[in-house]
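Chemist: pasting the sequence and the predicted coordinates here, then a few questions.
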Amino acid sequence: MHVIVDNFSTYKVNLVKQFLGEHPNVKLNFAPTYPSWLYQVESWFSKLQGDVIDRGIFTSVEDLERETLRYIRLYQRTVKPFHWKCSDVRKRIRE
């Protein structure tokens, strides 16, 4: 199993190292620090949650699925690329 994680030190503690040692089929894949495509995915899901899920009243799982797919279709018509910028180099994470 491959798990994609960010570069925070949370995954480098002894407890995680021990878990990975006991489960050799689990591999951590670290995403790039800045700008990470993973952050773009997280941002999109956050937008989906704010625009659809938090504001919705759903009568069934099928209703939620239908509204989510409707939102995705509408979003695809007006989508614009994410532009990431870190203008203050002192705030960048160093490895």
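Modeler: Received it, and whenever you're ready, just let me know what you need.
Chemist: helix, strand, or coil at the residue of the chain most remote from its centre?
Modeler: In terms of distance from the mean C-alpha position of the chain, residue 59 ranks first, at 27.0 Å (C-alpha atoms, centre = their mean). Local secondary structure at residue 59 is given as coil here, using DSSP: H, G, I helix; E, B strand; the rest coil.
Chemist: please parse this protein into its domains.
Modeler: Following automatic domain parsing, one gets these domains for the chain: 1-30, 35-85.
Chemist: for those domains, give me CSV that also has mean pLDDT.
Modeler: Putting the domains of the chain into CSV (pLDDT from 0 to 100) gives the following:
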stretch, mean pLDDT
domain 1-30, 85
domain 35-85, 86
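Chemist: could you pull out the strands for the chain?
Modeler: When secondary structure is read from DSSP state E, the chain shows strands at 2-5, 27-30.
Chemist: hang on, the earlier thing: state the phi and psi torsions of the residue farthest from the centre of the chain.
Modeler: Here is the backbone geometry of residue 59 (degrees, to the nearest 10): phi -90, psi -10.
Chemist: that one and residue 67: what is the separation?
Modeler: Distance, residue 59 to residue 67, using C-beta to C-beta, to the nearest Å: 11 Å. Using the backbone N, CA and C atoms, a C-beta is placed for each residue, glycine as well.
Chemist: again, but for residue 17
Modeler: Counting by C-beta to C-beta, the gap from residue 17 to residue 67 is 42 Å.
Chemist: go on, residue 52?
Modeler: Separation of residue 52 from residue 67 (C-beta to C-beta) stands at 6 Å.
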